[in-house]
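Enquirer: fold the following and give me the result.
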Amino acid sequence: MTTPLDGNSIAGLLRELFGRDMTAATARCDSCGSTGELARAVVYDTAPGVVVRCRECTAVVARVVRAPGRAWLDLRGVSYLQIDLPD
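Expert: Model (predicted):
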């Protein structure tokens, strides 16, 4: 059985994709409506890609697959992603 990690485990991957620390970004689960920082998500990284699940209902909120020179990001389980910007 695979041991899940927390969202901090994908901090480097998210920084590579978004160019900034995204672990403090707030996501809303499209399945149950709960909100929380990406750092609180449940992450499985032993598949061909990374699967991110909601901590509350375990629905898949994001998937990331990487290949040389590209990445695919699926956020269909997130109804919004709130990113705080500097003033």
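Enquirer: hey, let's count contacts and neighbours off CA atoms from now on
Expert: Noted.
Enquirer: helix or strand next in line after the longest strand anywhere in the chain, which one?
Expert: When the chain is scanned for its longest strand (criterion: DSSP state E), the result is strand 60-67. Next along the chain after strand 60-67, taking DSSP states H and E as the criterion, comes strand 70-74.
Enquirer: and that next one with strand 60-67, angle?
Expert: 170 degrees (axes from the mean of the first three to the mean of the last three CA atoms, to 10 degrees).
Enquirer: can you start the count at 55 instead of 1 from here on
Expert: New numbering, starting at 55: the last item is strand 124-128.
Enquirer: for Leu139, give its distance to Gly61.
Expert: 20 Å (CA to CA, to the nearest Å).
Enquirer: the more surrounded of these two?
Expert: Gly61 (22 against 5; other CA atoms under 10 Å).
Enquirer: for that one, list the residues it contacts.
Expert: Thr77, Leu92, Ala93, Arg94, Ala95, Val96, Val97, Val106 (CA atoms under 8 Å, 6 or more residues apart in numbering).
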